[in-house]
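[1] Give me a 3D structure for the following:
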Amino acid sequence: MSLKRLFSREGSRKGVVDYSARRSMIETPPPGHLTDRHDPHKLIWKPQSSKGDQADESRIPFFNSGFTTCPKCGECDVWRFEETAGIRENGDTYGTETFRCQTKGCKWKTSFKYDNGVPYCIHFEARAWPRGIHFYPVTFMMRWCERHGLDNLKHQVFSRNIDGDAFLTLYHSGQMKAALNLSSKTVSKVKKALEQRDGALLTKTNKKK
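    Prediction:
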């Protein structure tokens, strides 16, 4: 039935109903084979790929920060875009997440492959990466101090150019208090922050009341 006849007086009501039903029908994507018409959630279907900066020294701190802070400029203005590559029979999807800094003049970009079927870490490329503030540049460490209310320590980090690895070396050697002239209370707060499961995140998580 042509569109002209469909919406003309000659078209039957049954034809209009059948046509509308076909147009609005949502199909479930077949496992392992996806096309543009199999798109019930308005996703983008593309093969898994690697884009932008793929160096560990920038991706590890970015991953540990919770994908929030650009390792190039240190700003928390990162845009996130998901491209789904496929879906399995059990509903698990896999694909690529692309991240791009929106700070003017920066334009840093990277990507992470993901698989919702991988236990414990859907971003499977990062399974063996060290967790915590390892590889954090000075800008990340300053934000980390802000998040945990360590304003005095933030000044020390900036003035002495202390990155994440240097910070951990001072802490584990037991020399942090003397080297940075810190109070016992501040050292205790540092210990608590480092022991928190999500302590490396550079933005606070929303906790349910």
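[2] what comes up buried for stretch 73-86?
    Neighbour counts over stretch 73-86 (16 or more other C-beta atoms under 10 Å) mark G74, E75, V78, E83, T84, A85, G86 as buried. For glycine as for every other residue, the C-beta is placed from the backbone atoms N, C-alpha and C.
[3] Can you name the residues that contact the closest residue to S49 other than its chain neighbours?
    Distances taken as C-beta to C-beta, 6 or more residues apart in numbering place T96 nearest to S49, at 5.5 Å, with adjacent residues excluded. By C-beta atoms under 8 Å, 6 or more residues apart in numbering, the contact list for T96 reads K46, Q48, S49, S50, K51, E82, E83, A85, S111, F112, K113, Y114.
[4] Wait, a helix at T96?
    No: with DSSP: H, G, I helix; E, B strand; the rest coil as the criterion, T96 is strand rather than part of a helix.
[5] rewinding a little: most neighbours among the contacts of T96, which one?
    For the contacts of T96, neighbours were counted using other C-beta atoms under 10 Å, and Y114 has the most, 23 neighbours in all.
[6] What pairs with the strand or helix carrying that residue, parallel or antiparallel?
    According to DSSP states H and E, Y114 maps onto strand 109-115. As defined by DSSP bridges, the strand partners of strand 109-115 come to strand 93-101 (antiparallel).
[7] coming back round to it: pLDDT and distance to T103 for the contacts of T96 - can I get that in TSV?
    Formatted as TSV, these follow (pLDDT from 0 to 100; distance: C-beta to C-beta, whole Å):
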residue	pLDDT	distance to T103
K46	79	26
Q48	87	27
S49	88	24
S50	92	22
K51	92	18
E82	87	21
E83	86	23
A85	87	29
S111	96	18
F112	96	20
K113	94	25
Y114	93	24
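[8] All good on my end, thank you.
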